[in-house]
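Novice: sequence and predicted structure are below.
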Amino acid sequence: MIPNKDTMVPNAAPGGGGGGGMTIGDPVSGGTPGDYLFVGSGPVLAQAAPGALTGINDANVTLTIGGTPIGALFNAVSLTLGWIGQLGLNRGGTNADLSATGGAGQYLKQSSVGAAVTVGTIPASDIGSGAALSRVNDTNVTLTLGGSPLTALLVAASLTLGWTGQLAETRGGTNQSTYTLGDILYSSASNTPRVTKPSRQPSTTPLSHTNVHPSGLTGSAMTSPALPRV
């Protein structure tokens, strides 16, 4: 700052004289407090116009300038923030450009510790240890599990087989659920089994007859078990 015209310029050319610069002792006229010495074609005292420090933010990276950035510089300067590359794993990124990947049934995965994240389906080989699919058979209905049921699932599950209702005639059954002593199974129509009781109770009297030989000799009596009469 040059307060008045009698102040000497401290940055004059050494040795005085030539070089086109100012020599020590050259007077500078005029000026007011706060003026700066500008050396061009000749020394001039004037106020310096302050320059601003400004910033242009990136889509993800921003800058907040503190202090008094509007008049902080001799010349205006702007800072334009940008981005290059992919955000690393240690900063919470994927270290990969995934803009052209993905879709239905796709998942993020790593092939090794610290590797970049990739996108793809989950193959069976990526499942370290699968859970078992098991089954509990019914008395008549059974199930045989094929493949590799012990490691087939993400979580364990079981199948319990059972039976409900009566087996239909078309499947070789009778479509009947109960019988009592003495009941008879008969068909009331085509493919329609029914259960009924006989009209009379079985006879407990055995049948008998006498064998007669052609010679006229009488043999011993023969009996047969009692047969039901209907």
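Specialist: Here it is on my side, so go on.
Novice: tell me the domain ranges of this protein?
Specialist: The record assigns the chain these domain ranges, following automatic domain parsing: 1-15+24-48, 49-82, 129-164, 167-201.
Novice: which one of those domains has the lowest average pLDDT?
Specialist: Looking at the domains of the chain, the lowest mean pLDDT belongs to domain 1-15+24-48 (a mean of 54).
Novice: number of nearby residues for residue 159?
Specialist: Here the number of neighbours of residue 159 (other CB atoms under 10 Å) works out to 12. In this view, the C-beta of every residue, glycine as well, is placed from N, C-alpha and C.
Novice: same check, this time on residue 148
Specialist: Neighbours around residue 148, by other CB under 10 Å: 11.
Novice: name the nearest residue to it, sequence neighbours excluded.
Specialist: Nearest residue to residue 148 in three dimensions, chain neighbours excluded: residue 130, at 7.9 Å (CB to CB, 6 or more residues apart in numbering).
Novice: ok, now which ones touch that neighbour?
Specialist: If you count contacts by CB atoms under 8 Å, 6 or more residues apart in numbering, residue 130 has them with 124, 148, 150, 151, 152, 153, 154.
Novice: from the residues you listed, list just the buried residues.
Specialist: Neighbour counting by 16 or more other CB atoms under 10 Å classes residue 152 among the contacts of residue 130 as buried.
Novice: now tabulate the contacts of residue 130 in TSV and tack on secondary structure and distance to residue 140.
Specialist: Shown next, in TSV, are the contacts of residue 130 (DSSP: H, G, I helix; E, B strand; the rest coil; distance: CB to CB, whole Å):
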residue	secondary structure	distance to residue 140
124	helix	34
148	coil	27
150	helix	26
151	helix	30
152	coil	26
153	strand	27
154	coil	32
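Novice: got CSV for the contacts of residue 130, with distance to residue 98 too?
Specialist: What follows is the contacts of residue 130, written out as CSV (distance: CB to CB, whole Å):
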residue, distance to residue 98
124, 24
148, 33
150, 36
151, 31
152, 31
153, 30
154, 25
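Novice: which residues sit in contact with residue 159?
Specialist: By CB under 8 Å, 6+ apart, the neighbours of residue 159 are 133, 134, 135, 136, 143.
Novice: 10 Å instead?
Specialist: Taking CB atoms under 10 Å, 6 or more residues apart in numbering, we find residue 159 in contact with 133, 134, 135, 136, 137, 143, 145, 149.
Novice: swap in residue 157?
Specialist: So residue 157 contacts 131, 132, 133, 134, 135, 149 (CB under 10 Å, 6+ apart).
Novice: for residue 102, which non-adjacent residue is closest in space?
Specialist: Leaving aside its chain neighbours, residue 102 sits nearest to residue 119 (5.5 Å; criterion: CB to CB, 6+ apart).
Novice: thinking again about what came up before, among the contacts of residue 157, which lie within strands?
Specialist: 133, 134, 135 (DSSP state E).
Novice: give me the residues contacting the helix or strand that contains residue 108.
Specialist: Per DSSP states H and E: residue 108 is located in strand 107-109. Contact partners of strand 107-109, identified using CB under 10 Å, 6+ apart, comprise 94, 96, 98, 101-102, 115, 117-122, 126.
Novice: now those in a markdown table, with secondary structure and neighbour count?
Specialist: Shown next, in a markdown table, are the contacts of strand 107-109 (DSSP: H, G, I helix; E, B strand; the rest coil; neighbours: other CB atoms under 10 Å):
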| residue | secondary structure | neighbour count |
| --- | --- | --- |
| 94 | coil | 16 |
| 96 | coil | 16 |
| 98 | coil | 14 |
| 101 | coil | 13 |
| 102 | coil | 12 |
| 115 | coil | 12 |
| 117 | coil | 16 |
| 118 | strand | 15 |
| 119 | strand | 15 |
| 120 | strand | 14 |
| 121 | coil | 11 |
| 122 | coil | 12 |
| 126 | helix | 11 |
